[in-house]
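Undergrad: Generate a structure from the sequence data that follows.
(one chain, ligands or ions: 1)
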Amino acid sequence: MDRYSQPFCVEKKWNQVLEWNFTEPNIKWFSGAQLNITENCLDRHLPERAHVPALIWEPNNPHESFRSLSYQNLFEQVCRFANVLKNNGVKKGDRVCIYMGMIPELSIAALACARIGAIHSIIFGGFSARSISDRVQDAHAEFIITCDGAYRGAKDIPLKKTVDEAIQNLAFVKKVFVYQRTNSPVFMQKGRDVWWSEELKKADAICPAETMNAEDILFILYTSGSTGKPKGVVHTCAGYMVWTHYTFVNVFQYQIGQTYFCTADIGWITGHSYIVYGPLSAGATSLMFEGIPTYPDAGRFWDIVAKHQVHILYTAPTAIRSLMAHGLDFVKDKNLSSLQVLGSVGEPINEEAWHWLYKNIGKEKCPIVDTWWQTETGGIMISNLAGITPQKPSYATLPLPGVQLCLVDENGNEIKEAHVSGNLCIKFPWPGMIRTTYNDHERCRQTYFSTYKNAYFTGDGCLRDEQGFYRITGRVDDVLNVSGHRIGTAEVENAINACKGIIESAVVGYPHEIKGQGIYAYVVCEENHETTELQKNIHASVSEMIGAIAKPDKIQWVKNLPKTRSGKIMRRILRKIAENELSNLGDTSTLLDPAVVDDIIKTKI
Ligand code: PRX
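TA: From the prediction side, this is the model:
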């Protein structure tokens, strides 16, 4: 087997590889170059790989037929749908929100936007109407692509209905394209809503790729931060393409002909970079799965591996822990002999999950790549290279060639020694990095480039061992990582505080066996309120304002929150209590009323 060796196709070569400063910040890679990422993901492969499967789609229901789309087929479908977009008024630079289930048409929709230079903003199918509405407004997206519904496990999720609710007051939305997946009845607003299938019949099959400048926006992806409002992370055409390609082929050591299965959802960055753009840029066969790991039973991943002869499996620690908890009965008769490389992403992988995966799935012969990165980095930054560089359980190990990491102490000084902990920063630009936060460059500067001088701050804490290997210890800001989903504590607090009868709340994370982190909410309510009723209301409010993924796992009713004299909530103490580290609460003398802490400990759940 071979490595992929086709050069990229660019319409015009760059005249400057990199211009940058981290103060504004201003980052430009490959200035002067012109290209279209879809020509590199599709057209470029046609002379030699037209009939190779580009996407294999495994449906939620194992009895429904799977679909295999060759590069030729995917190319044709992308071009045709790109013409549908054009026929309906979508132009270069327009923002298009995509809210769909995990079906090939989601990839087709994203690639069709890229084909004509429209900016896609994919919204995870688990988000609520309110979350969609916020994102559509922030991006001022006049176009939305959705489905009637989506299948996930035993559920049939009404996507179009949620979109209708989200945009009921957004008169600027001009068109909603609806793909029929579940054939459930939906409301279609005349003049605004159009059927994907009907529009396709009217569309031409040929669609030349729009010429894009290297730094034109490819997509926006909203992600949670320390404040209440998710921010639109912006990635641009050339740098993102180079970084996802480079990292995909090197980290997984992808060989032509291998089938690669990434279990993420395309609604998150992992799906963007490692189901769609990275693998397709490398002419790979990328398998996408509509369902969930436990449907119809906890053996589903292994059935898929056996059925499609998967060589590379890229998944998340939360999925591994959940399957581990179901026991080995679901693994024992499965033929996993095709597997050659395993990968982990999204959160720290604990040693137990690592060893379970290595032994029971990889049969002690498949290297595991533990890949650390973020929505903002566009692609993998720290990882071992499968079978080439050493692995170490629970360590992402070393930065990829070209990545310049540093650890800093709380005063912003770089810590150079081995065997130290600090905050993880990156000192030098890389092509896949965030360029701005959509419509709010100052927020980008403040969030990532103002904490430490001349460095991008990741928000993660990190340990470096004697060998120089890196181990990510988790977020040091107010961001939670629940089942690999990124959620801001402030977003959850806003949703809780919106409930009638609630005075205030503070949300922190705590270790959770399956989810990695669970959500712990300390809530102060008005007197004489029925807490069971309030609890229900809180869950409903969080589901409505964010989505069910952000519902608190634990709610503790408290009389007061620990605050400093200036009124700041001491989250550090609340975190320790939630983690059950009661002997190690640190200094409580600066609190307005230290007795509050004792009270909280007494009523801890
Ligand atoms: O805390 C780190 C954790 O996930 C965060 C980024 O989340 P998101 O932007 O949603 O992207 C997830 C998929 C790339 C990081 O700040 N994280 C990601 N990968 C790892 C990780 N923590 C430990 N080990 C990893 N391999």
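
Undergrad: For the ligand, what is the nearest residue in the stretch 301-450 of the chain?
TA: residue 375 (3.4 Å; C-beta to the nearest ligand atom). Any C-beta I mention is one placed from the backbone N, CA and C, and that applies to glycine too.

Undergrad: Quick check: that residue touching residue 481?
TA: No - assessed by C-beta atoms under 8 Å, residue 375 is found out of contact with residue 481, at 11.9 Å.

Undergrad: what about the residue of the stretch 301-450 of the chain closest to the ligand, how many neighbours?
TA: 19 (other C-beta atoms under 10 Å).

Undergrad: With residue 220 instead?
TA: 24.

Undergrad: got the contact list for it?
TA: Going by C-beta atoms under 8 Å, 6 or more residues apart in numbering, residue 220 touches 95, 119, 120, 121, 139, 232, 233, 234, 235, 438.

Undergrad: Identify the nearest residue to the last one in space, disregarding sequence-adjacent positions?
TA: Just to be clear, that refers to residue 438. residue 232 (3.2 Å; C-beta to C-beta, 6 or more residues apart in numbering).

Undergrad: That neighbour bridge partners, please.
TA: Beta-bridge partners recorded for residue 232 (DSSP bridges): residue 222.

Undergrad: circling back to that earlier point, check contacts around the residue of the stretch 301-450 of the chain closest to the ligand.
TA: 221, 223, 233, 268, 269, 434, 486 are the contacts of residue 375 under C-beta under 8 Å, 6+ apart.

Undergrad: The same query, at a cut-off of 6 Å, please.
TA: 221, 223, 233, 269 (C-beta atoms under 6 Å, 6 or more residues apart in numbering).

Undergrad: from the residues you listed, which are also near the ligand?
TA: Among these, the residues that sit close to the ligand (C-beta under 6 Å from any ligand atom) are 223, 269.

Undergrad: If I look at the residue nearest to residue 438, what pLDDT would I see?
TA: pLDDT, residue 232: 98.

Undergrad: Residue 224 is in contact with that one, correct?
TA: No - using C-beta atoms under 6 Å, residue 232 makes no contact with residue 224, being 11.7 Å away.

Undergrad: what about residue 336, how many neighbours?
TA: Using other C-beta under 10 Å, residue 336 has 17 other residues around it.

Undergrad: so what's the backbone phi/psi at it?
TA: phi -110, psi 20 (degrees, to the nearest 10).

Undergrad: Setting aside sequence neighbours, what's the nearest residue to it?
TA: With C-beta to C-beta, 6+ apart as the criterion, residue 336 has its nearest non-adjacent residue at 5.6 Å, and that residue is residue 305.

Undergrad: That neighbour sits in which helix or strand?
TA: helix 300-308 (DSSP states H and E).

Undergrad: just checking, next helix/strand downstream of that helix?
TA: Using DSSP H and E, the helix or strand that follows helix 300-308 in sequence is strand 312-315.

Undergrad: Would you mark the buried spots in stretch 226-239?
TA: 229, 230, 231, 232, 233, 234, 235, 236, 237, 238, 239 (16 or more other C-beta atoms under 10 Å).

Undergrad: Keeping just the C-alphas, turn it into CSV.
TA: Extracted C-alpha coordinates of stretch 226-239, given in CSV (Å, rounded to 0.1, in the frame of the first residue of the first chain):
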residue,chain,number,x,y,z
SER,A,226,-16.2,31.4,29.2
THR,A,227,-19.0,33.9,28.5
GLY,A,228,-22.7,33.2,27.9
LYS,A,229,-22.6,33.6,24.1
PRO,A,230,-21.0,31.0,21.8
LYS,A,231,-18.5,32.5,19.4
GLY,A,232,-18.1,31.9,15.7
VAL,A,233,-14.7,30.4,15.1
VAL,A,234,-13.6,31.4,11.6
HIS,A,235,-11.4,29.1,9.4
THR,A,236,-10.1,30.1,6.0
CYS,A,237,-9.6,28.2,2.8
ALA,A,238,-5.9,27.4,2.1
GLY,A,239,-4.5,27.1,5.6
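
Undergrad: which residues does the closest residue to the ligand within the stretch 51-200 of the chain contact?
TA: Sorted by distance to the ligand under C-beta to the nearest ligand atom, the residues of the stretch 51-200 of the chain start with residue 124, at 10.2 Å. Contacts of residue 124 were listed using C-beta under 6 Å, 6+ apart, and they are residue 267.

Undergrad: same thing with residue 376?
TA: Counting by C-beta under 6 Å, 6+ apart, residue 376 has contacts 233, 434.

Undergrad: That one belongs to a strand?
TA: No - looking at residue 376 with DSSP: H, G, I helix; E, B strand; the rest coil, it is helix, so not inside a strand.

Undergrad: Do you know the pLDDT at it?
TA: 98.

Undergrad: now swap in residue 593 and tell me
TA: The predicted local confidence for residue 593 is 88.

Undergrad: cool, and the one 3 residues further on?
TA: The confidence metric pLDDT takes the value 93 at residue 596.

Undergrad: Go through the host helix or strand of it and flag the buried ones.
TA: Using DSSP H and E, residue 596 sits in helix 595-602. Using 16+ other C-beta under 10 Å as the test for burial, helix 595-602 gives 596, 597, 600.

Undergrad: Contact residues of the stretch 151-300 of the chain facing the ligand?
TA: So the stretch 151-300 of the chain meets the ligand at 223, 268, 269, 270 (C-beta under 6 Å from any ligand atom).

Undergrad: Those in strands, which ones?
TA: residue 223 (DSSP state E).

Undergrad: need the residues of the stretch 151-300 of the chain next to the ligand in a markdown table with pLDDT and neighbour count, can you?
TA: As requested, those are exported to a markdown table (pLDDT from 0 to 100; neighbours: other C-beta atoms under 10 Å):
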| residue | pLDDT | neighbour count |
| --- | --- | --- |
| 223 | 95 | 19 |
| 268 | 97 | 21 |
| 269 | 98 | 25 |
| 270 | 98 | 25 |
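
Undergrad: In helices only, show me the residues of the stretch 151-300 of the chain next to the ligand.
TA: When DSSP state H is applied, these are split such that 269, 270 fall in helices.

Undergrad: Show me the two of the residues of the stretch 151-300 of the chain next to the ligand that sit farthest apart.
TA: Spatial extent of those (C-beta to C-beta) is set by the pair 223 and 270 at 12.0 Å.

Undergrad: buried sites along the helix of greatest length in the chain?
TA: Longest helix in the chain by number of residues (criterion: DSSP H): helix 71-87. The neighbour-count check on helix 71-87 (16+ other C-beta under 10 Å) flags 71-86 as buried.

Undergrad: Which single one of these is nearest to residue 111?
TA: residue 78 (4.4 Å).

Undergrad: I'd like the secondary structure assignment at the residue in the chain sticking out farthest from the centre, please.
TA: Using C-alpha atoms, centre = their mean, the residue of the chain lying farthest from its centre is residue 528. It sits 41.4 Å away. Put simply, residue 528 is coil when judged by three-state DSSP.

Undergrad: quick one: the strands in the stretch 301-450 of the chain?
TA: For the stretch 301-450 of the chain, the strands defined by DSSP state E, counting those that start in this stretch occupy 312-315, 341-345, 368-371, 405-408, 414-415, 420-426, 436-437.

Undergrad: In TSV, list the ones you listed along with mean pLDDT, mean neighbour count and distance to the ligand.
TA: Listed next are the strands of the stretch 301-450 of the chain as TSV, based on pLDDT from 0 to 100; neighbours: other C-beta atoms under 10 Å; distance: least, C-beta to the nearest ligand atom, whole Å:
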stretch	mean pLDDT	mean neighbour count	distance to the ligand
strand 312-315	98	25	11
strand 341-345	98	24	5
strand 368-371	98	24	5
strand 405-408	98	20	13
strand 414-415	96	14	19
strand 420-426	97	20	8
strand 436-437	98	24	13
